[in-house]
Every structure is written in C-alpha cells, then in structure tokens.
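**Student:** here is a sequence together with a model predicted from it:
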Amino acid sequence: MSRPVGLAGGRSDGSATSPGIGPLGKPATRRGTEAWLLGFAAVIMTSALVLVEANQEQELTWAIVWYGLAYFGVFLIAHVAVRRWAPYADPLILPSVAVLNGLGLVMIYRIDLALAAKAEQIGTTHTGDAPKQVIWTAIALALFLAVLILIKDHRTLTRYGYTCGLVGLVALALPALLPRSLSEINGAKVWIKLGFFSIQPGEFAKILLMIFFAAFLVSKRDLFMSAGKRVLGMELPRARDMGPIVIAAGVCLGIFVLQKDLGPALLFFGVVLVLLYVATERFIWVLLGLTLFSVGCVIAYSLFTHVQQRVANWIDPLATYDQPGGGYQIAQGLFGLGTGGVFGTGLGSGRPETVPAANTDFITAAIGEELGFVGLAAVLMIYLLLAMRGLRGALAVRDTFGKLLGGGLAFAIALQVFIIVGGVTKLIPMTGITTPFLSYGGSSLLANYILVALLLRISDAARRPRKPQKPRPQQPAIAEQHTVMVQAPDGPGGKS
Amino acid sequence: MNTPLRRVGLAMLAMVALLLANATYIQVVDADDYRDDPRNQRVLLEEYSRQRGQIIARDGKILAHSRATGGRYEYQRRYPNGPMFAPVTGYYSLRYGSGGMEHAENEILAGNDARLLVRRLSDMFTGRDPRGGHVRLTIDPRAQEAAYRAMVERGHRGAVVALRPDTGEILAMVSVPSYDPNQLASHDGRKQERAWIRWNCDPDSDSGCREHGNPMRNRAIQEFYPPGSTFKLVVAAAALENGATKDTKVESAASVVLPGTRTSLSNFAGTPCPGSTLEAALAHSCNTAFSKLAAELGADKLRETAENFGIGIDDLEIPMSVVPSHLGELASDAELYQAAIGQRDVRLTPLQDALLSATIANRGMAMRPQLVRELLAPALSSLDEFEPEELTGEPALSAENAEVLRDMMIKSEQNTRGAGAYSHLKIASKTGTAEHGARPKETPPHAWYTAFAPYDDPKVAVAVIVESGGKHGDLAATGGALASEIGRITMAAVLEGDQ
C-alpha cells in the first residue's frame, strides 16, 4: 500500500507530501495512493456509463470521456484540498466515497433513461434527476472543502458542543413546526422548502447531535464511570446518570412520531448507544438501550397501524402485495434482485425502474438487479472499507473526543447501510432512510460529505506526527489516561 | 477506549456479513422463485424483446403474429381480423398481461417451453435470436367468418360454436360483441388503457358500458345459460337408454301442475301436444311430456347420461379453461319438471350445447373438444400433434339409440322455422327458447339452436345462442326464428369448404 508514487510526488509542492518514509522518519502521507485510486474510481464510473449507454442503445459519443474526466477533475480538486489541509488523512476514504458517488450518479442517470422511455409511453415527460444530483455533488464537495478548511482541528468542535446540540434539535423539530406548505413533500413532513430547492434538516441534525453527544460524554465521562448498585453481578448506572440516554430516547420518539418512520430514529438511537458504550466501556448501556428500544418497538407496533403494516410487509411481502401500502414495493425489489441473480443482467439491461423509488430508497435493488449479487457485495464491501477506515482513524487518534466522534461517524455509515439495505433485501422491516452517497437526494449527499470531511480530519490528526516541543492543552485527565497508555508513540493506525 | 471501539468494528463487520448472507439467500437460493413470479413484469418485458410465435388457423391463415417495430419494445403483436378471431386468439398486452390462447399456450409462443429447449440452445450457439414456436388451431376461418358475420350483421349478441363430431375439433368459436386485441397490443399506453377500460368497466357502476356488453368475456366457454328445449336431447337420451323407444307413450296435455305446488307448467303457446309418442314430443318440443319423463327417470339416471355428454366436467381445457355446465340440485320432482325443459338451475355453455349434437352425431360418444391442432417449432417442424380423445370414455347413449334420437332431430328440423332451411344440407337439429332473468315473462328469452349435418355422415355440429331475443329484444323470440338461420349458415360454410 505504501509504494512510492512518482507522479504524486512530482506534483507536490511541500516537503510534507513526499512519498514513503521521509528523511525525518515522518509517516508517509500516501496522498499519491489516493490520487491513483481516485483515477481508478473515475475509470470505473466512466466504464459503467459506457455500459449503460451501450445497453440502452444510446449513441456512444466522446462526451462520455469528458464526463469521466470532469468527474475525475472534481475529485482531483478535493484531493488537492486534502493534500493541502489534511495531508495525513486516510488515503482510502475519499476514493471509496468517489466510487459510491459515481456509481450512484450512473444508476440515477440509467433510471432516468428508463423512466423517460416509460413516460413517453403514456405521453408525459420525465425530468431527469441525474443533472440535479450532479449539481448536488458539486455543492457537497464545496461543503466538504469548507469543512476541511474551517475546522483545522476537530477538537475545537468540543467548544460548540451545546450549540451543536441546540441547533440540531431545532433543525430536527423545525419541519414539524412549520406549516405544511413550507415543509411537506409527498406526505413526508421532514423538509424545509427554500424556493428553488428543498432540504431535509434532519440529515444535518444527525451530525450536529453526534458532535453534541460526543462532546457531552467526554466532559461528563467520569460521572458515567462511577458505579451504582450491583445487580446480578452487573453494575447498574445511577438513576441520575440515566439522563442522556433518556433524552436520546425522547428525541427518537419525537423523530418517530413526527416523521412516522422508524428508520431515522433507529439510526440516531443506535449511534447514541455506541457513543455511550465507547465512552463508558460498559456494555450495560447497550443492554439498557436495546431494552428501551425493544419496549419502544412493541409500543409503536401496538399503537400504529402503519408500523404493523410494515412488519406484515416484511414477514411476507408477496402476501400483502395487493394491499394499499402493502408489500408491492418490496416485492418488486425482490423480483429485481432475484432476476439479477449472481452476476446481474448487466448495467442498462435490467428493468430497475419497475421498482417504485428505484433511484432513492431502492437504489440497492437496482444495483443488485443489474450488477447482481457480485455487484451488490462489492458495494457493501466498499461501505465496510469506508466505515473501517474511519474507525481506524478513531482508534489511532489521541484525544477522547476524536475517538468518540470518529467511532460514532464510522458506525453511523455502517448502521445506515444496514438499515436501508437490510430493508430492501427483507432482512429487517423496511424503513425509509437514504443510502449514503448512492441514492438521489441533496440533503443526504451534503450531510454525508460533511461526515466524511470530519472523518478525514480525525484520521489526519491520528497520523500527523506529534510536535513534541508544544504539548497541546489536554482534555480532562481521567478521560485521557486510557488512550495515552495504549498508544504506541509512533503507531498510526494501530491494530484494528 | 480502544477495546469498545474494536468491538464496534466487529459489530460493523457482523452487520455487513448479515447483509451479504441475506443477499446470497435472496439472489442465489431463492432467486428462481422471484424471477418466475407471475407478478414480475420483467419476464413479460423480456418476452417482448423476442419474436413471439404465430397463431394460425387450420388452413395456415395467420390469426396473430409479431411484427418488428424497431422501437424500445422490439415486437408488436398484430391480429388481422382482430374482433372476428378474438375469442380464439385472446390478447397479449404489455400492460394487462395476456388472455385466451395467447395465455394458454404462452410457453410455446414465448419460446420458453421445454420442448423448445434444444433449439434455444442451438440458437444461442449459432447467434440467432431465440424465437417462439407457433400454434396451429383447429379453427376453420371460413366457418368462423360466416358465423361472426351472420351474428354481427343481424345485430345479435351471443355465441356460435362449431365442432367436428368425430374428433372434437372446434371449427368455429364466435362471441359477439367482440373486442379488438390489436388495441390492447398497442405500444401506446394510453390507447391500451382506453381500450381496456371501455371493454372491462364494471357494469353496475357505469350504464355506458352495458352497451358494450362485456366483450372480453368469451361467451362460448366462459358464460353459461339456461339451455331451454335443447336440453330435451339429454332427457330423451336418458329415456332411450332406460328402455324407452321412439313410440313410447308420453304425456300430451297442454299443461301440468308442478308436484307439491300450485304452479302449472305448460307447452309453448299453451296447446296440447300434436302427438303422444316420444318422437312427436321431441319433434314438437312438448314441455309436459319431458317434464313427466324426467320425473319418471329420476335425478340419478338423468345425471348419469348428462355426465357422459360432458355436463358437470369441471376441468375441461381446450386449452383455455371452460366454465363447467351443470344441472343444479334436482332435489324434488318439481325441480325435475322444470329442469327437463332446460330451465330452473340447468346451465350449459354454448360449447356444451354444441357437444350435445356432436355426441349424438358421433354415435353416442362425446369427444373431448380441442382448439389446438398442432404445436410447431419456430422453423415450422412439428412438436406435438393433436389426437382425438374420448371425453369420458363412456358413451352417453348407445349407437342404436343415437340413431333413433337423430331421426327425431331430423323431424324437429322439419318443424323449425327460420331462413336458410336448405334441404340439401341434411340437418338434424333441436331448437330452444329459454326464459331467464328475475321476471322471465317480461324478459326477452334466449334463442337456441343445436344441430349437426349431414345427418347420414356428420361433418359438423353447431350450437347457437342469441341472447335476450336478439337485436330487437323480441319477447316472442324463438330458437327457430332467430338462431336456426345462423346455425345453418355456419354449417353450410363448413360443408362447402369440405367439398
């Protein structure tokens, strides 16, 4: 992985970016690896586009090559920014994102073609989603740069912990409080309409609340560490320390009731549980949280008919196929996955548009149909790689806040993928959340690029050589002790 | 804090492993079930990119074929003379699936049938596009055209079925009003939808569509009607089988009282029967005679004979499935009285009614009706050929009794009115006029005619039903006046073709 790359070295202007182990024993930045992998991602994306055009009998033009180059160019800008502002960041994270984003764009374009043909059949027209998603990608990358440039050190975020929490809560609650005309699209009251475009503040609230929880847990960590009563050999936390988890549960319930959907609530609650567990190192929190969640699920199931419907659709989507709000969509997704089989129908040769919401919630069904199990597995492995590299940054970083936030962000990606792909493939009941980087939608893309920028920032801090002459102001001593003890002085990445 | 972080990493691994395992289950283990689910539209779309086989008539005339369009859906289904042959071909629609023969023989037409497998593999290696096989029907296009035009020109609603008595081959199957399958096969989605709504709307909610008369229902096999006097053939056969002769004395009164009630049942026009033998009763269609005869026979004997005519078989497929005809409960003598003249709960499909004549024409043995003569590979070599088959294996009546009944039917034909009574056709027939509806005396009756010809060497058997008194809704309509003409025209078309 650490092979020297001449091209990257040649282009670089600073000594810090020289490939390999530098003369002063500095760890390699591996920015060259990143550049090559980004090029590889652009090749994959361009080939995918060629396949789609060929199979859809579109005219093959040189324009495709320009698309590929433009795509590479955009990510090259991101790469240069990383080189400049986060030189030690993990080299696999950005290319993973580039592949997923590129594949998503190709899939959205491919479904546009099919929907346009379908619309022509019934005499209407279909406005393509792909151009809009390209614009969102550009905006997202701009935001990505802004986060990298503005947040020089992730620890400064701890200062804004409570602000983040407050803004996050307001963002979460805002669509529910605004009148329908300003906040409802297709029956989902989770939007803020801003003239030309709309955003889902919930996507951003997710990250803000994660920052708040990480900062809060770091500052109050010793409280949670203190023992309460012992019951059955396990130390129960004291009642007054239960505050945060109760708040988290309350917020989740709020999200759930407002959005009528379990997905975002499940995602948020899962991440908070992991943050609590990592901060306290006590598994009892996970047990407590899961118990609380199970109780919540049972209550939701008995109270809300739409939850019962979702569960029925999950148990047998073919049986509820014809019911209103029944298993039609999931069944269509399964038909697509089954038709794709192991190797898929080939990009552009399937019928993914048959599944409702093929370019948003069910984009993994489209991938499974056209690229087969092999393609779906590859996509899942890229997600795993992305999450694992994020986690690796969290393991290696020296401060508690960075560990918590990095771990939480990495887990958020994995959990989100699990919830949505699990829903599409009938592993768990379907809940509507987006597939990170793949599915169509601006807010999700923007938020996930911010998330990735933070992960890069943390991994940069993890691998950046320490400057011994200027020790940084430490976090509370108790919090820092563990990590300092287990860290090898020169072990970026550690063992994971 | 690194220990819990590593455990979180393990949890992430586990989640992805679970997703992969589940995806394996869906896409590898269960994949075939999902792929082959009839609700999976992809299969139909896939079929559209392959040249579907033709449906051709007995003489090779093309009834349905696929034409290359050069569009997104590569082939479009065309039906020359769509409405005339629609009850035979069915339809094939992108949006609404398929029906009729298109549905019943879909495996062959689409090229998915196992019998086409070897050819499909060789097509794969030689690089030819796989194509569907063809279906050759038993339909005689001249008879079909004659019967269809006769019905449409007179403005009737109803059905005509013509059979070959000795093989059961269906020579004509007409259902009027009909629909144009070309419109359902259109690649213009709006056109498809308009056509589908026009021909399928719920008759209760929209008075406008009652005018269209539910054209997509194949009246010949999917609809049953009270058979009226044509059912007397079954009663007569049962009587002959149980010892009666053509000279057996029967009731000749103008009316009888239904046992256990005060309702009376009278002859047509309320006159006494011109004769008192079984032969005269059938020739003049005397109701009272057959009511008493049926009651004397009893339900069991009547049912036994009826079953060997095919009434009550519930899995008949031609290969489209045929609605089973039935006799009803026959619980009391009163019920038997009414059932004997084809009223009460007796219901026959027009196909079953044609089978009555065909069975008598075939010396008492009912042959299984069939619409497919041959299945052909894409290159027109034969895959499977139709072979005549006995319907139940038991004759409905003996050859001698069949001859006696035939002679009675010849006399009946001589008493039948209606145009086109061509003596040279040598017809044996029975008419029927069936009351129906909630207020039978005020509803125009269904007019029936079932016959075969020539009586000395039967080549064709027909059944005709003209619903509700025909075009003018005539309360005094009779089978003789309305239906016989159409039956004769149909038989003439078949017999002329044979010469």
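**Tutor:** Nice, thanks for sending it over. Numbers count the residues shown, from 1 in each chain, chains lettered A, B, ... in the order given.

**Student:** pick out the residue nearest the middle of the chain.
**Tutor:** This is for chain A. For chain A, the residue nearest the mean C-alpha position is residue A:413 (3.7 Å; Cα atoms, centre = their mean).

**Student:** not counting sequence-adjacent ones, nearest residue to that residue?
**Tutor:** Excluding the flanking residues, the one nearest residue A:413 by Cβ to Cβ, 6 or more residues apart in numbering or on different chains is residue A:387, at 4.7 Å. Where C-beta positions appear, they are placed from N, C-alpha and C, glycine not excepted.

**Student:** same question for residue B:195.
**Tutor:** residue B:183 (3.8 Å).

**Student:** which elements pack onto the strand or helix carrying that neighbour?
**Tutor:** Element membership for residue B:183, per DSSP states H and E: helix B:181-184. When contacts are defined as 3 or more Cβ pairs under 8 Å, 6 or more residues apart in numbering or on different chains; DSSP states H and E, helix B:181-184 packs onto strand B:75-78, helix B:82-89, strand B:91-93, helix B:189-200.

**Student:** go with 6 Å
**Tutor:** Helix B:181-184 is packed against helix B:82-89, strand B:91-93, helix B:189-200, with contacts defined by 3 or more Cβ pairs under 6 Å, 6 or more residues apart in numbering or on different chains; DSSP states H and E.

**Student:** CA atoms of the longest one as CSV?
**Tutor:** In other words, helix B:189-200. Only the C-alpha atoms of helix B:189-200 are listed here, as CSV (Å, rounded to 0.1, in the frame of the first residue of the first chain):
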residue,chain,number,x,y,z
GLY,B,189,-50.0,3.0,-23.2
ARG,B,190,-53.0,5.4,-23.3
LYS,B,191,-54.5,3.5,-26.2
GLN,B,192,-54.2,0.3,-24.3
GLU,B,193,-55.8,1.8,-21.2
ARG,B,194,-58.7,3.4,-23.1
ALA,B,195,-59.4,0.1,-24.8
TRP,B,196,-59.2,-1.9,-21.5
ILE,B,197,-61.5,0.5,-19.6
ARG,B,198,-64.0,0.5,-22.4
TRP,B,199,-64.2,-3.3,-22.5
ASN,B,200,-63.9,-4.1,-18.9
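
**Student:** so how far is the longest helix seen in chain A from its chain's centroid?
**Tutor:** As assigned by DSSP state H, the longest helix anywhere in chain A is helix A:93-121. Relative to its chain's centre, helix A:93-121 lies at 18 Å (Cα atoms, centre = their mean, to the nearest Å).

**Student:** list the helices and strands that helix packs on?
**Tutor:** Counting by 3+ Cβ pairs under 6 Å, 6+ apart, helix A:93-121 packs on helix A:31-55, helix A:130-150, helix A:372-396, helix A:442-463.

**Student:** how far off helix A:130-150 does that helix point, in degrees?
**Tutor:** Helix A:93-121 and helix A:130-150 meet at an angle of 160 degrees, taking axes from the mean of the first three to the mean of the last three Cα atoms, to 10 degrees as the criterion.

**Student:** neighbours of residue B:20, how many?
**Tutor:** The local packing of residue B:20 (other Cβ atoms under 10 Å in any protein chain shown) involves 18 other residues.

**Student:** what's next to the helix or strand where it lies, contact-wise?
**Tutor:** In the assignment (DSSP H and E), residue B:20 maps to helix B:2-24. With contacts defined as Cβ atoms under 6 Å, 6 or more residues apart in numbering or on different chains, helix B:2-24 is touched by A:274, A:277-278, A:281, A:373, A:376-377, A:380, A:384, A:387, A:391, A:394-395, A:407, A:411, A:414, A:418, A:421, A:425, A:427, A:486.

**Student:** many thanks, I have nothing further to ask.
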